[in-house]
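**Student:** Sequence and predicted structure, then a few things I'm wondering about:
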Amino acid sequence: HTLASRDYWFITIPAGFLLMFAVGAMTQTQPIFQMVGLGDSYQTIMFGICAAGLVGSYVLGIIDTKIGTKKSMIMATVLMVISGILGLIGAKTNQGALVVVAFIILGLFMGASSNYTVSAAAQYWRREDFPSVFAVLNPIANLIQAFGPMLIANLLFGTAGIPGVFIACGVAGIVSVILMCAFSPKNVKLTDDKYRKAAGKPLDDELAHRL
């Protein structure tokens, strides 16, 4: 029933894309910065990305818990789009500083991306259903993530180069923003209520205060 819900896919695919590019891009930071002439500054740049990850994890985490996972994920996916655009411009114009900024922005959503599979399952499905929902949401998001290092490496060392990496990041970000805007917590409850009614379970308001 969870896998049959459109909203399950609307939130799982963006969660997977966030993880895919956070993990995938980070596996190739050294060759990317060498290609743009910043190999000597690699340690300093990585420190900056690490700091951005800490800030992003905290700020997006606060938004996640105080305002909602949907809004936090929309912000994270918008950051993915911005990272893709700035990185593409930097790669095309050979401006290493823009590529660094793109990675700093990537670090912001990287810091929060690993939390979303937990918070989505906890916030939008009933507590009694959390184990079963998380058991399919987290593995599929991480399956998407698993292709990240291979995808980034193939793009970077193939004909696409650095621009191809950021084009892919931007496109995945746009798709993710669209899916997250289409995600409906209310529809999750309506779908859940339909199956509960068919199973003879009570239709309580447990989810109402969270939608």
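**Tutor:** Structure received.
**Student:** how would you label residue 107: helix, strand or coil?
**Tutor:** Three-state call for residue 107 (DSSP: H, G, I helix; E, B strand; the rest coil): helix.
**Student:** Contacts only, for the residue nearest to it when sequence neighbours are not counted.
**Tutor:** Leaving aside its chain neighbours, residue 107 sits nearest to residue 52 (3.3 Å; criterion: Cβ to Cβ, 6 or more residues apart in numbering). Yep, even glycine has a C-beta here, placed from its N, CA and C like the rest. By Cβ atoms under 8 Å, 6 or more residues apart in numbering, residue 52 lies in contact with 104, 105, 107, 108, 110, 111.
**Student:** Make JSON lines from those and add pLDDT to it.
**Tutor:** Formatted as JSON lines, the contacts of residue 52 follow (pLDDT from 0 to 100):
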{"residue": "104", "pLDDT": "95"}
{"residue": "105", "pLDDT": "95"}
{"residue": "107", "pLDDT": "93"}
{"residue": "108", "pLDDT": "93"}
{"residue": "110", "pLDDT": "90"}
{"residue": "111", "pLDDT": "82"}
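**Student:** what's the closest of these to residue 37?
**Tutor:** residue 104 (17.5 Å; Cβ to Cβ).
**Student:** Around that closest one, count how many other residues there are.
**Tutor:** Other residues within reach of residue 104, judged by other Cβ atoms under 10 Å, total 19.
**Student:** what about it, distance to residue 146?
**Tutor:** Separation of residue 104 from residue 146 (Cβ to Cβ, to the nearest Å): 25 Å.
**Student:** Could you do residue 12 as well?
**Tutor:** Applying Cβ to Cβ to residue 12 and residue 146 gives a distance of 14 Å.
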